[in-house]
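> My questions concern the predicted model and sequence given below.
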Amino acid sequence: MRGIAFGFLMTLLLLFVASSAWSQRIPFYAEPALSVGKQLKGRFSVNAKFVFRQQFASINEQQLDWFSQSDVVEVQLFLNYKILGSKRLTFGYLYGLDDPFLTDPAWEHRLMQQFTFQSGNRFKWVNRLRLEQRFSANQFRNRIRYRFTFDSPLSGSKLDPKEWYFVAGDEWLYNFTGKPGEDHLENRIQAGLGYLFDNGHKVQFEIQYRWLRMLSSREASAWHLLLTYNLNL
């Protein structure tokens, strides 16, 4: 287990060094989020998520600049249906604002359809395939996303209350815009730690690296510090 965690953290470190070489500007974001879930009757469940993203620093030509700038606010709603075993179908909706505290912030509506399944006991693997339709004031985009994550307790064969666990994952995204030269590929890799409370709630802290517009003339990168509190009602 320690070897896997060390490997992921070293990968993130190498990505940071490499990104410094190919990008003139690398932004750093703090992204706290609150996720609330509730089991309904039968096979249905619902969950909602509130995300706030704040840029707090950037590297410009090897110089670190500190500042504070609100970037994104999102509200997400999901309805889940359990098929068989660990397989789930999910339909979701997102409303987001870019630069939310400006007089006229840019808005986005997003529809989501996803299929999720998991496997494993001590090492829990979760696979997710998601389709998205994104509507904004002057653009419509489609996006397909595939993500796999895994987590494992840092001690023992299963995760018990008041225990820490390791979590990591990788996600690939492809954006379809319908405009020549605008379709692009993106990768997000992350690793971190989580803690399970007595009441079943969880908190996770992760470091995520985003490789944006991969292998294009507008290639860029960014680092996100993710802090998510998962609340089960």
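Ah, there it is. Numbering: from 1, shown residues only.

> Might you report the residue contacts of Asp99?
By Cβ atoms under 8 Å, 6 or more residues apart in numbering, the contact set of Asp99 is 70-71, 105-106. Glycine gets a C-beta too; all of them are placed from N, C-alpha and C.

> ditto for Asp98
In this structure, Asp98 makes contact with 71-72, 105-108, judged by Cβ under 8 Å, 6+ apart.

> Please repeat the previous calculation with a cut-off of 7 Å.
72, 105-106 (Cβ atoms under 7 Å, 6 or more residues apart in numbering).

> Tell me the one of those residues nearest Pro180?
Ranked by distance to Pro180 (Cβ to Cβ), the contacts of Asp98 are led by Ala106 at 22.9 Å.

> Burial check on the closest one, number of neighbours?
Counted by other Cβ atoms under 10 Å, the residues lying close to Ala106 total 14.

> Pairing-wise in the sheet, spell out the partners of it.
Taking DSSP bridges as the rule, Ala106 bridges to Asp98.

> Can you check what pLDDT the model gives it?
We have a pLDDT of 92 for Ala106.

> if I look at it, how far off is Val46?
Going from Ala106 to Val46 by Cβ to Cβ, to the nearest Å gives 28 Å.

> what's the answer for Ser35, then?
Note on Ser35: its distance to Val46, by Cβ to Cβ, is 11 Å.

> would you list every one of the helices in this structure?
2-22 (DSSP state H).

> looking at it, which helix or strand is least sure?
Ranked by mean pLDDT, DSSP states H and E, the weakest helix or strand in the chain is helix 2-22, scoring a mean of 57.

> Selecting buried members of the contacts of Asp99 in ChimeraX, what would you type?
Selection command for ChimeraX covering only the buried members of these, criterion 16 or more other Cβ atoms under 10 Å:
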select :70,71
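
> Kindly present the contacts of Asp99 as a markdown table, with separate columns for distance to Ser217.
Below are the contacts of Asp99 laid out as a markdown table (distance: Cβ to Cβ, whole Å):
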| residue | distance to Ser217 |
| --- | --- |
| Ser70 | 29 |
| Asp71 | 24 |
| Pro105 | 28 |
| Ala106 | 23 |
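
> Pass me the low-pLDDT residue ranges in this protein, would you?
Counting by pLDDT under 70, the ranges of the chain that qualify are 1-24, 121-123.

> which strand is the longest one in the protein?
When the chain is parsed with DSSP state E, its longest strand is strand 63-82.

> If we go by neighbour counts, what in it is buried?
Here strand 63-82 shows 70-74, 76, 78, 80 as buried, counting by 16+ other Cβ under 10 Å.

> So which elements touch it?
Secondary-structure packing of strand 63-82 (3 or more Cβ pairs under 7 Å, 6 or more residues apart in numbering; DSSP states H and E): strand 44-60, strand 88-98.

> Please point out which parts of the first one sit buried.
Neighbour counts using 16+ other Cβ under 10 Å place 45, 47, 49, 51, 53-55, 58-59 of strand 44-60 among the buried residues.

> what does the last one give?
Residues of strand 88-98 classed as buried under the neighbour-count rule (16+ other Cβ under 10 Å) are 88, 90, 92, 94, 96-98.

> Next, format these as a markdown table and append distance to Leu231.
What follows is the buried residues of strand 88-98, written out as a markdown table (distance: Cβ to Cβ, whole Å):
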| residue | distance to Leu231 |
| --- | --- |
| Arg88 | 19 |
| Thr90 | 18 |
| Gly92 | 18 |
| Leu94 | 19 |
| Gly96 | 21 |
| Leu97 | 23 |
| Asp98 | 26 |
